[in-house]
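1. Would you be able to build a 3D model of this:
(2 chains)
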Protein chains: 2
Amino acid sequence: MPKLEKGLVQVYTGDGKGKTSAAFGLALRAIGRGLKVYIIQFIKGGFDYGELYIIDKLPNLKLKAFGRGKFVTHQPPEKVDIAFAEEAFQLADKVVKSGEYDMVILDEINVALNLKLISLKEVLELIKNKPKHVELVLTGRYAPNEIIEIADLVTEMKEVKHPYRKGCQARKGIDY
Amino acid sequence: MPKLEKGLVQVYTGDGKGKTSAAFGLALRAIGRGLKVYIIQFIKGGFDYGELYIIDKLPNLKLKAFGRGKFVTHQPPEKVDIAFAEEAFQLADKVVKSGEYDMVILDEINVALNLKLISLKEVLELIKNKPKHVELVLTGRYAPNEIIEIADLVTEMKEVKHPYRKGCQARKGIDY
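-> You can find the predicted model right below:
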């Protein structure tokens, strides 16, 4: 089983498009090298994303999505959304600590943190105590400062132009 | 053959990490929906990237990389680099105009434009005259203003933090 000498913590945040796509691109590169990747999606479960139809065909790549197919924006959050996010975090905790996967992608975890669906303290603990070889990738807008501080690599995706602003609808195969 | 009703022009630029990865993530989503994708890489040929080892295993996805395995930064550019970029553009032109591929990714074309390896006028022509259903994705830092103006969706990847700054080396499976 190939392992990284030193796994880093990468964050993709900001209001622009490409955060989740960048994480999936990283996953593709990693499995191309024989690394094992686990993608855990917060908030996204129940949605119909194009990438889900190809994941099963890829070696060394696992994905599990948590959520009820609804965008979560409520403050205070609803119990069902907290339960899904907590379940996602428990899995993340288990998968990271096992050291079995070389790269663990926590997709949209920043949003779950921002909505206070999960505890920042617990996530920081998980990052600090991760096995050395595990690469962690955290995505989602509104990454808390504490996450940015602890991360090794942070990219902000900035929206310069977006067709939704012009009333263009989300398109199957491109946006989902 | 599934086709998009309307293909847009997407640009991923900026100095941050994740531009090419985002494009590959988009490709993954598109082929998950049965769309056909062609990735043409400018400047990148001859490099050993992890994603190349998995591309062949994916359906409906083609990739061709042009270059001599060397980072191109010289101004004025060397003849050999112009020749590679010109060859890449000729293929891009053919692939886009054929309308056979639903998504065409021109990876690092912005850098090729910035280095004047290819003509901005020709690229703008290609964009303007593309078949309506073709989604075009252009990546690379230094996207010229004319490209940003003509694009429908533009994301700037901003480097907030990068481990290379701390002397960390590129890692196989993660960075290449």
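
2. So for the helix or strand containing residue A:93, mean pLDDT?
-> According to DSSP states H and E, residue A:93 maps onto helix A:79-98. Averaged across helix A:79-98, pLDDT comes to 97.

3. Same question for stretch A:133-146.
-> 97.

4. re earlier: so for the helix holding residue A:93, what gets flagged as buried?
-> Across helix A:79-98, burial judged by 16 or more other C-beta atoms under 10 Å in any protein chain shown covers A:81-82, A:84-89, A:91-93, A:95-96. (Glycine included, C-beta is placed from N, CA and C.)

5. Please apply the same query to stretch A:168-176.
-> A:171-175.

6. which of those come close to chain B?
-> A:171-174 (C-beta under 8 Å from any C-beta of the partner chain).

7. any chance of the residues you listed in a markdown table, with pLDDT and distance to residue A:164 too?
-> Formatted as a markdown table, these follow (pLDDT from 0 to 100; distance: C-beta to C-beta, whole Å):
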| residue | pLDDT | distance to residue A:164 |
| --- | --- | --- |
| A:171 | 91 | 11 |
| A:172 | 93 | 15 |
| A:173 | 94 | 16 |
| A:174 | 92 | 12 |
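
8. of all these, which comes closest to residue B:59?
-> Taking C-beta to C-beta as the measure, residue A:173 is the one of these closest to residue B:59, at 14.0 Å.

9. which stretch of helix or strand covers the closest one?
-> Using DSSP H and E, no helix or strand contains residue A:173.

10. Check whether the helix or strand bottoming out on mean pLDDT in chain A comes near chain B.
-> Using mean pLDDT, DSSP states H and E, the weakest-scoring helix or strand in chain A turns out to be helix A:52-55, at a mean of 92. Yes - where contact is defined by C-beta under 8 Å from any C-beta, part of helix A:52-55 touches chain B, namely A:52-55.

11. One more: stretch A:109-125?
-> No - judged by C-beta under 8 Å from any C-beta, stretch A:109-125 stays clear of chain B, getting no closer than 13.0 Å.

12. mind saving the C-alpha coords of that stretch as CSV?
-> Extracted C-alpha coordinates of stretch A:109-125, given in CSV (Å, rounded to 0.1, in the frame of the first residue of the first chain):
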residue,chain,number,x,y,z
ILE,A,109,-17.2,20.3,5.8
ASN,A,110,-16.6,24.1,6.0
VAL,A,111,-20.2,24.8,5.4
ALA,A,112,-21.2,22.3,8.1
LEU,A,113,-18.9,24.1,10.4
ASN,A,114,-20.2,27.5,9.4
LEU,A,115,-23.8,26.3,10.1
LYS,A,116,-22.7,24.9,13.4
LEU,A,117,-23.9,21.4,12.4
ILE,A,118,-20.6,20.0,13.8
SER,A,119,-18.2,21.2,16.4
LEU,A,120,-15.1,23.2,15.3
LYS,A,121,-13.2,21.9,18.3
GLU,A,122,-13.8,18.2,17.3
VAL,A,123,-12.7,18.9,13.7
LEU,A,124,-9.5,20.7,14.9
GLU,A,125,-8.7,17.8,17.1
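
13. mind listing what's buried in it?
-> Within stretch A:109-125, the residues scored as buried using 16+ other C-beta under 10 Å are A:109-115, A:117-118, A:123-124.

14. related to what we said a few turns ago, whichever helix or strand comes after the helix holding residue A:93: how far from the chain's middle?
-> On the C-terminal side of helix A:79-98, the closest following helix or strand by DSSP H and E is strand A:103-107. Computed by C-alpha atoms, centre = their mean, to the nearest Å, the separation of strand A:103-107 from the middle of its chain amounts to 5 Å.
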